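Asks: Build me a model:
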Amino acid sequence: MTSTRTKKALSDWFSNEVISEIIQAIPDRADVSAVCKTSKLFHSLGIPVLFQVVKLKNGSRIMAFVRTVSAKPDVSGFVRSLTTIDIGSIKSSRLQWLACLKSLTKLEDLSMTYFQFTPEDWDIFLSFTFPRLVHCKLDASYNERSKKSPMDFVARHSALESLSLNVWDPPKGPAPPQIPLLNLRRLQGPASLAQRITAPRLGEVRLEWESVHFEDVEPIFSTLKTMIPADNSFVFSNDGCWDNRLHDFLPCIANNVPHVKTLHLHLIDTDMWNSDTHIEWVAEQLPPLSKLEYLSIVMRGDEDDDHPYFLADEEDDLMAVETLGTACSSLQMCRLNDVVWRKENETWNQSSDDFDRLAGISWIER
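Replies: Here you go, the predicted structure:
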């Protein structure tokens with residue numbers, strides 16, 4: 001008997017919505033691109049997925065994306081997340097890039113690092129508004145000749161949930177009004193940035209203290225105190241602090257946010273022979289931190305040192321961890337540079353657990 005059954009296309013079995021979900025589940029971007037080439041239907045359903053998350057790591061890829069958007073303007077409406085690194089190599093095409101960037105009106109996540117703009121470029125970019133933006137990271141050298149401030153850009157994006165701003169324009173003259181960011185949960189940048197905003201439910205903060213004067217440390221923490229509810233599992237990280245500044249801000253943590261759950265201390269210009277002295281001093285500051293569960297301490301000789309060091313051997317490291325654990329009974333995990341220790345049955349043992357994930361650290365460079 002000859003079968004009269006005919007082959008059915010995938011679209012006969014599944015709705016476009018289901019097929020789109022299947023394409024979204026494909027983990028490899030190259031595979032999504034291949035799917036887009038199999039049929040007109042898959043192309044129409046796959047292109048929005050292909051351009052939903054865009055990562056551009058150099059100038060040539062940035063300009064290829066610019067040409068794509070120029071040729072197919074609809075693509076700009078598909079982009080939800082954009083990450084760019086190193087825009088310095090597109091000097092002659094910056095206006096094209098800025099025009100392309102402005103067209104991404106449905107952008108929710110923007111990350112731009114290692115880029116250099118002229119004052120005119122800055123004025124153009126800082127005038128942009130992305131109505132759906134909730135995550136923003138800008139890391140570049142700000143040109144002070146620009147007529148606009150990065151905080152002007154921040155002020156127009158009040159729905160932000162996370163802000164990483166390593167583009168700093170210190171206010172000149174009287175302090176400007178604080179910018180309300182009511183949805184903000186994560187903040188990263190220069191410590192004085194905390195005084196430029198108001199955010200009632202901060203959960204994670206990573207601050208750099210190098211340029212902060214001693215007399216400004218306490219006021220900054222007093223401001224943070226108003227933005228961190230006592231019922232929050234608060235995560236605090238310092239970024240590249242000279243070891244002598246540790247004595248400035250660590251007591252302020254105990255006085256203003258004693259309910260901190262995670263504390264990450266990144267120290268530079270540290271004398272390796274005095275690292276045990278630093279441990280003892282840190283231990284003296286821990287008793288008020290009654291909810292501290294995760295403690296991370298990184299020590300480096302200088303800002304360019306890629307080889308962090310700590311104590312002499314595993315036995316000395318264990319003694320340091322035990323000293324810290326004795327000072328803070330709530331402590332459950334401790335990281336000394338790249339070595340993680342975990343307390344089990346009141347005994348400290350090395351662990352292979354993912355410290356950052358368990359401790360809730362999102363922004364960290366070690």
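Asks: Helices along the stretch 251-366 of the chain, start to end?
Replies: 275-285, 314-327, 355-359 (DSSP state H, counting those that start in this stretch).
Asks: Any chance of a markdown table for those, columns mean pLDDT?
Replies: A markdown table is the format used below for the helices of the stretch 251-366 of the chain (pLDDT from 0 to 100):
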| stretch | mean pLDDT |
| --- | --- |
| helix 275-285 | 81 |
| helix 314-327 | 90 |
| helix 355-359 | 93 |
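Asks: closest one to E17 among those helices?
Replies: Nearest of those to E17, taken as C-beta to C-beta: helix 355-359 at 32.7 Å. In short, each C-beta sits where N, CA and C put it, glycine included.
Asks: Flag every buried residue along the closest one.
Replies: Within helix 355-359, the residues that count as buried by 16 or more other C-beta atoms under 10 Å are 355-356, 358-359.
Asks: okay, now Q52: neighbour count?
Replies: 15 (other C-beta atoms under 10 Å).
Asks: What backbone torsions are found at it?
Replies: With angles defined as degrees, to the nearest 10, Q52 sits at phi -70, psi -40.
Asks: That one and L82 touch, don't they?
Replies: No - with contact defined as C-beta atoms under 8 Å, Q52 does not reach L82; the gap is 10.3 Å.
Asks: model confidence over stretch 84-104, on average?
Replies: What stretch 84-104 shows for mean pLDDT is 81.
Asks: Which residues does that stretch contact?
Replies: 55-60, 62-63, 65-66, 69-70, 73, 76, 79, 82, 111-118, 121, 124-125, 128, 130 (C-beta atoms under 8 Å, 6 or more residues apart in numbering).
Asks: and it, how far apart are its ends?
Replies: In stretch 84-104, first residue to last residue: 14 Å (C-alpha to C-alpha, to the nearest Å).
Asks: Which of the residues in it are classified as buried?
Replies: 84-87, 90, 93-94, 96-98, 100-101, 103-104.
Asks: can you tell me which two in the residues you listed are farthest apart?
Replies: Top of the distance list for these (C-beta to C-beta): D86 and S103, 21.4 Å.
Asks: which one of the buried residues of helix 355-359 is nearest M227?
Replies: Out of the buried residues of helix 355-359, the member with the shortest distance to M227 (by C-beta to C-beta) is A359, at 20.3 Å.
Asks: contacting residues around that closest one?
Replies: Counting by C-beta under 8 Å, 6+ apart, the residues that A359 touches are 235, 261-262, 264, 293-294, 296, 333.
Asks: Relative to E280, how far out is it?
Replies: Note on A359: its distance to E280, by C-beta to C-beta, to the nearest Å, is 23 Å.
Asks: Equivalent analysis for R335, please.
Replies: 18 Å.
Asks: So the two - more neighbours on which side?
Replies: Taking other C-beta under 10 Å, R335 and E280 do not tie; R335 has more neighbours (23 against 14).
Asks: Ignoring the adjacent residues along the chain, who's closest to the more buried one?
Replies: Leaving out its chain neighbours, the residue that sits closest to R335 by C-beta to C-beta, 6 or more residues apart in numbering is S296, at 4.2 Å.
Asks: Do I have it right that the one you found meets N238?
Replies: No - taking contacts as C-beta under 8 Å, S296 lies outside contact range of N238: 10.3 Å.
Asks: if I look at the two, which residues touch both of them?
Replies: 264-265.
Asks: name the helices or strands packed onto the longest strand along the chain?
Replies: Ranked by residue count under DSSP state E, the longest strand found in the chain is strand 260-268. Here strand 260-268 touches strand 234-238, strand 241-242, helix 246-256, strand 294-299, helix 355-359, going by 3 or more C-beta pairs under 8 Å, 6 or more residues apart in numbering; DSSP states H and E.
Asks: Which one of those lies nearest to V18?
Replies: Per C-beta to C-beta, nearest to V18 of the helices and strands packed on strand 260-268: helix 355-359, 32.2 Å.
Asks: Return the alpha-carbon coordinates of the closest one using PDB.
Replies: Output of helix 355-359 as PDB, limited to C-alpha atoms (Å, rounded to 0.1, in the frame of the first residue of the first chain):
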ATOM      1  CA  PHE A 355      32.100  32.900  46.400                       C
ATOM      2  CA  ASP A 356      30.800  35.800  44.300                       C
ATOM      3  CA  ARG A 357      27.600  34.000  43.400                       C
ATOM      4  CA  LEU A 358      26.900  33.000  47.000                       C
ATOM      5  CA  ALA A 359      27.900  36.400  48.400                       C
END
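Asks: Centre of the chain to it, how far?
Replies: 14 Å (C-alpha atoms, centre = their mean, to the nearest Å).
Asks: Also stretch 254-269?
Replies: Here stretch 254-269 is found 18 Å from its chain centre; the criterion is C-alpha atoms, centre = their mean.
Asks: Can you give me the first-to-last residue distance of stretch 178-191?
Replies: 15 Å.
Asks: buried sites along that stretch?
Replies: Neighbour-count burial for stretch 178-191 flags 179, 181, 184-191 (criterion: 16+ other C-beta under 10 Å).
Asks: Give me the mean pLDDT for it.
Replies: On average, stretch 178-191 scores 93.
Asks: As a check, name the ranges of all helices in the stretch 101-250 of the chain.
Replies: Going by DSSP H, counting those that start in this stretch, the stretch 101-250 of the chain shows helices at 119-125, 150-155, 214-227, 246-256.
Asks: okay, these in JSON lines with distance to L318 and mean pLDDT next?
Replies: Converted to JSON lines, the helices of the stretch 101-250 of the chain look like this (distance: least, C-beta to C-beta, whole Å; pLDDT from 0 to 100):
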{"stretch": "helix 119-125", "distance to L318": "50", "mean pLDDT": "87"}
{"stretch": "helix 150-155", "distance to L318": "45", "mean pLDDT": "90"}
{"stretch": "helix 214-227", "distance to L318": "32", "mean pLDDT": "88"}
{"stretch": "helix 246-256", "distance to L318": "22", "mean pLDDT": "83"}
